[in-house]
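Peer 1: Got a predicted structure plus its sequence, pasted below:
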Amino acid sequence: MSGEAVTRTRPYDELLVGAAFQLVYAGRVAVTACQSLTKVTAASQPDPPMRGCVPLLRLKGFAQLRQQRDG
């Protein structure tokens, strides 16, 4: 046996691992922001249907539904 039993990692493996950690971090930031938004929304609005983490793209639709409901 030769003395080179240690395998070297390829540069793109390190990039993939780094990208995976970045995605996990971004996901955690998004979840934290969503939870904070949920707390603020729940505290400021007594309306149960509006509570929760609503994607921002759907907020406009909810506003239109609320206007129709309230008249």
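Peer 2: Perfect, I can see it now.
Peer 1: Looking at the chain, which helix is longest?
Peer 2: Ranked by number of residues, the top helix in the chain under DSSP state H is helix 11-44.
Peer 1: Where does pLDDT dip in this structure?
Peer 2: Applying pLDDT under 70 to the chain picks out residues 1-10, 40-62, 71.
Peer 1: give me the number of residues near Leu37?
Peer 2: 14 (other Cβ atoms under 10 Å). For every residue, glycine as well, the C-beta is placed using N, CA and C.
Peer 1: same thing with Phe21?
Peer 2: Neighbour count of Phe21, defined by other Cβ under 10 Å: 10.
Peer 1: Pull up the gap between it and Gln35, please.
Peer 2: With distances taken as Cβ to Cβ, to the nearest Å, Phe21 is found 21 Å from Gln35.
Peer 1: what do you get for Val17?
Peer 2: 27 Å.
Peer 1: what residues are up against Val31?
Peer 2: If a contact means Cβ atoms under 8 Å, 6 or more residues apart in numbering, then Val31 has no contacts.
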